[in-house]
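Visitor: Show me how the following folds:
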Amino acid sequence: MIRNVFVLGLDQHNGEILRRLPGAENLAFHPVLTPKRLQGARIEFPELLHQAEEVLVAFDGTVDAIVSFWDFPMVTMVPILCARRGLPSADLTAVLRCEHKYWARLVQSGAIEELPAFGLLDLDIPEPVLPEGMRYPVWIKPVNAASSEGAYRLTDEADLHRHLPDVRAVIERLGRPFQDVLDMVELPPEIERVGGRACLIEEAVTGRQLTLEGFSHDGAVVVYGVIDSFDYPGTSSFLRYQYPSQVPWEVQEHLSEVARRVIAATGLTESTFNIEFFWDEDTGAVRVLEVNARHSQSHALLFEMVDGAPNHQAMIDIAFGLTPQLPYRAGQHAIAAKWFLRRFRDGIVRAVPTGEQVAQLERDLPGTRIEITALPGERLSTRHAEDGYSYVLAEVYTGGANQAALARASRRCVETLAFDIDEVEDR
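Guide: Numbers count the residues shown, from 1 in each chain. Model (predicted):
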């Protein structure tokens, strides 16, 4: 019997991965709205929820599961749609305890000590200043955002005032629909006062960045993978994700224990999650950077290459009320990475590598998958869900026997993939 899985924001890349899941021959994956529709320039949450509901109601068959692996608004739409049908899913309030960055910090501070200093920026005064006790350098972040959108590292007051217009623009785009979701649950008084259009300030911490992927189901919090993240030198923009992590096992165990305490404190269950950390190799200090009430689709191919199944497997199992059963080191490669080919200034894209050029590279480099994200005719600065410093032109997945093999494949792609981009004045 075929079971119907409805995926908010299903794209071609993830659709192909889902159809390779073990047992996928018994599943039918149905898209519910496009990523562009869900994360466009203007997000009308009630309208999106209504449109998603219309897709589900119009379907001539059973709705057996509803899932997504994207940030807001999808991460909050799934529990609402599932609750209406009695399908397994996380509780919306628990999801919001993770997704509202200030609320998340308050919850975390009651469970762990591994946190940076944090506070709120008062946006209601003409010249906002750092919260009392905070000193530069700091990070400024909207309380709700995706893919580091609106997040900037500030070194002084001039930095703060230079980036405030961009931060306010992200808050305006995402804060209003986020408030629509907050209004659907009972909030603690301190979060009700803050709302969804606020701005977080956090101590700038350093170290090696890692991400833990896990799930919370049936009273158990399980971490099933640790991924290393590497930045372009001298920047805060990701160069690559790499799996499995190369940090010592005892460090991974410590991070896992912190993760279990954090997830238990949020009350998140019947959900996948990922938690980003900084680990200082010299001092051993650990700091929680961010908690997401979803797994990362960016890591799906890495798990498939190394373990034999993508992390989407955990999402699907939980959507059917099952305890995830994930393979371990059963993939074709010992190590895998996702590389980001970036441009660090604005521009208008005139031409991108052709499909045949990409296919030829993939044939020449076994274990490599290339996704061109730049679109001919687009101005890079008009994009959403990018970090504040760069624009992703392509994503390159590589698998191999060791890091050297990954680096060789990535270098070949960088040297071969040609983009024609006109220079424009940065916005």
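Visitor: shouldn't Val63 be in contact with Asn4?
Guide: Yes. Here Val63 lies in contact with Asn4, judged by CB atoms under 8 Å, at a distance of 6.1 Å. Yep, even glycine has a C-beta here, placed from its N, CA and C like the rest.
Visitor: and those two? which has more neighbours close in?
Guide: Val63 (19 against 16; other CB atoms under 10 Å).
Visitor: tell me the phi and psi of that one?
Guide: phi -100, psi 100 (degrees, to the nearest 10).
Visitor: got any residues that touch both of Val63 and Asn4?
Guide: Shared contacts of Val63 and Asn4, defined by CB atoms under 8 Å, 6 or more residues apart in numbering, are absent.
Visitor: Low-confidence stretches in this structure?
Guide: 426-427 (pLDDT under 70).
Visitor: how about the helices in it?
Guide: Counting by DSSP state H, the chain has helices at residues 12-18, 35-38, 45-58, 74-85, 92-99, 101-109, 157-182, 189-194, 249-266, 300-307, 312-319, 355-364, 403-416.
Visitor: For stretch 169-188, list every residue counted as buried.
Guide: 170-171, 173-175, 177-178, 180-182, 187 (16 or more other CB atoms under 10 Å).
Visitor: Could you do stretch 404-414 as well?
Guide: 405-406, 409-410, 412-413.
Visitor: end-to-end on stretch 381-396?
Guide: 22 Å (CA to CA, to the nearest Å).
Visitor: Please tell me how far Asn14 sits from Met315.
Guide: 11 Å (CB to CB, to the nearest Å).
Visitor: which one of these two has more residues nearby?
Guide: Met315 (26 against 21).
Visitor: is the closest residue to Phe238 other than its chain neighbours in a bridge, and if so with what?
Guide: Nearest residue to Phe238, sequence neighbours excluded (CB to CB, 6 or more residues apart in numbering): Phe340, at 5.4 Å. Counting by DSSP bridges, Phe340 is bridged to Glu395.
Visitor: Contacts only, for Phe340.
Guide: Per CB under 8 Å, 6+ apart, neighbours of Phe340: 237-240, 392, 394-395.
Visitor: closest to Ile335 among those residues?
Guide: Arg240 (11.3 Å; CB to CB).
Visitor: Tell me, how many residues neighbour that closest one?
Guide: 21.
Visitor: Repeat that for the one 3 residues further on.
Guide: For Tyr243, the neighbour count with other CB under 10 Å is 25.
Visitor: Pull the contacting residues for the closest residue to it other than its chain neighbours.
Guide: Leaving aside its sequence neighbours, Tyr243 sits nearest to Leu302 (CB to CB, 6+ apart; 4.1 Å). Going by CB under 8 Å, 6+ apart, Leu302 touches 227, 241-243, 336-338, 397.
Visitor: Now do the strands in the stretch 201-350 of the chain.
Guide: 208-217, 220-231, 238-243, 271-279, 286-292, 335-343, 347-351 (DSSP state E, counting those that start in this stretch).
Visitor: okay if I get these as a markdown table plus distance to Thr93?
Guide: Output for these, formatted as a markdown table (distance: least, CB to CB, whole Å):
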| stretch | distance to Thr93 |
| --- | --- |
| strand 208-217 | 14 |
| strand 220-231 | 18 |
| strand 238-243 | 30 |
| strand 271-279 | 12 |
| strand 286-292 | 15 |
| strand 335-343 | 32 |
| strand 347-351 | 42 |
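Visitor: Nearest to Asp124, out of these?
Guide: Here strand 286-292 is closest among the strands of the stretch 201-350 of the chain (CB to CB), at 25.5 Å.
Visitor: What are the contacting residues of that closest one?
Guide: By CB under 8 Å, 6+ apart, strand 286-292 touches 71, 75, 98-99, 101, 104, 108, 112, 114-116, 205, 207, 209, 254-255, 258, 262-263, 266, 273-280.
Visitor: Out of those residues, which end up buried?
Guide: Buried among those by 16+ other CB under 10 Å: 71, 75, 98-99, 101, 104, 108, 112, 114-115, 205, 207, 209, 254-255, 258, 262-263, 266, 273-279.
Visitor: between the buried residues of stretch 169-188, which is closest to Ala309?
Guide: So of the buried residues of stretch 169-188, ranked by how close each gets to Ala309 (CB to CB), first place is Val181, at 31.6 Å.
Visitor: List the contacts of the closest residue in space to Ala111 that isn't next to it in sequence.
Guide: Among residues not flanking Ala111 along the chain, Ala265 sits closest, at 3.7 Å (CB to CB, 6+ apart). When contacts are counted by CB under 8 Å, 6+ apart, Ala265 touches 107-108, 110-112.
Visitor: Let's see that with 7 Å instead.
Guide: 107-108, 110-111 (CB atoms under 7 Å, 6 or more residues apart in numbering).
Visitor: which one of those has the most neighbours?
Guide: Neighbour counts for the contacts of Ala265 peak at Gln108, which has 23 neighbours (criterion: other CB under 10 Å).
Visitor: do you know how far it is from Asn292?
Guide: 13 Å.
Visitor: Same check on Arg173?
Guide: Taking CB to CB, one finds Arg173 at 19 Å from Asn292.
Visitor: got it, and Ile201?
Guide: For Ile201, the distance to Asn292 - CB to CB - is 20 Å.
Visitor: export the helices of the chain to a markdown table and tack on distance to Ala151?
Guide: What follows is these, written out as a markdown table (distance: least, CB to CB, whole Å):
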| stretch | distance to Ala151 |
| --- | --- |
| helix 12-18 | 24 |
| helix 35-38 | 21 |
| helix 45-58 | 22 |
| helix 74-85 | 18 |
| helix 92-99 | 15 |
| helix 101-109 | 10 |
| helix 157-182 | 8 |
| helix 189-194 | 18 |
| helix 249-266 | 20 |
| helix 300-307 | 23 |
| helix 312-319 | 26 |
| helix 355-364 | 31 |
| helix 403-416 | 25 |
